[in-house]
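sequence and predicted structure below; questions after.
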Amino acid sequence: MALGFYFDNTRCTGCRTCEMACIDYRDLTVGRRYRRVIDFEGGTTVEEDGVVRTDAFVYHVSLSCCHCEHPACMHVCPTGAMHKNDLGLVEVDVRRCIGCGYCTIACPYHAPSIDPVLKRSSKCDGCTERVSAGKLPICVEACPLRALEFGDMDELRDAHPETTQSILPLPEARYTNPNLLILPSPAALRAAEEGGHISNELEIANNIE
Ligand code: SF4
Ligand code: SF4
Ligand code: SF4
């Protein structure tokens, strides 16, 4: 059984409650986050004869570690610190981590980062402690739009058959086979055809104060 996330891109308003709930629960220092909300926008705005016309679009992607089936972070870790725990969630054993940062380079989702104080890798562990106690991850519970779900991937797939594993700007799923299902919004489907760009690059970088 694999555990993972479902993200409803049609519901997400980009409010950041999930991100803040995680920061608070995990007591992360300023500028650090295990879940990030990416703003993605596209379309054009033109002014002609004093009239402004726009077909601009924007959508939001709430992203944490995807607890991948083939985790690139684990493959490059020289000490075995990055591992799958008893629940199949990918986590860091800080006693074995030497802070080399290979996982931060290998992960196509930029999930792990080196804690500037501990000098060790750290990232989302899927709220292992809560899940072990029969609870949901705090980010999932916090979302006011119920845009996030967590659970057995087979059950999530059955409940949400119209999903994909990737929308822009996420990497193609074939690299790590993420345990992540996404219901794309009309804007994300448009972006797949027309492209677009991340509009909050600085905000989502880790270890920025
Ligand atoms: S998202 Fe990145 S850190 Fe998480 S399991 Fe996949 S490769 Fe590893
Ligand atoms: S599952 Fe837990 S650690 Fe991971 S992003 Fe959500 S709240 Fe943070
Ligand atoms: S709390 Fe929900 S609606 Fe708000 S940014 Fe996170 S996933 Fe989106």
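Thanks, I have the structure now. Ligands and ions are numbered 1, 2, ... in the order given.

contacts and neighbour counts: CA atoms only from here.
OK.

any part of stretch 196-207 near ligand 2?
No - on the criterion CA under 6 Å from any ligand atom, stretch 196-207 is out of touch with ligand 2, staying 13.5 Å away.

ok, that stretch near ligand 3 or not?
No - no part of stretch 196-207 sits near ligand 3 under the criterion CA under 6 Å from any ligand atom; the closest distance found is 12.9 Å.

list the buried ones in that stretch?
By neighbour count with 16 or more other CA atoms under 10 Å, stretch 196-207 contains the buried residues 196, 198, 204, 206.

what do you get for stretch 190-197?
191, 196.

which helices and strands does the helix or strand of the chain with the lowest mean pLDDT pack with?
Least confident helix or strand of the chain, by mean pLDDT, DSSP states H and E, is strand 45-48 with a mean of 89. Applying 3 or more CA pairs under 8 Å, 6 or more residues apart in numbering; DSSP states H and E, we find strand 45-48 packed against strand 51-54.

what does the host helix or strand of Cys22 contact?
Assigned by DSSP states H and E, Cys22 falls within helix 17-25. By CA atoms under 8 Å, 6 or more residues apart in numbering, the residues outside helix 17-25 that reach it are 29, 32-37, 62, 138-140, 142-144.

can you name the element that comes right after it?
Assignment by DSSP H and E places the next element after helix 17-25 at strand 36-42.

list just the nearest of the buried residues of stretch 196-207 to ligand 1.
Taking CA to the nearest ligand atom as the measure, ligand 1 lies nearest Asn206 of the buried residues of stretch 196-207, at 13.6 Å.

and that closest one, what does it touch?
31-33, 113.

any idea how far it is from Glu48?
Using CA to CA, to the nearest Å, one gets 41 Å for the distance from Asn206 to Glu48.

who wins for most neighbours among the contacts of Asn206?
The most crowded member of the contacts of Asn206, judged by other CA atoms under 10 Å, is Arg33 (28 neighbours).

spatially nearest residue to that one, not counting backbone neighbours?
Ile23 (6.0 Å; CA to CA, 6 or more residues apart in numbering).
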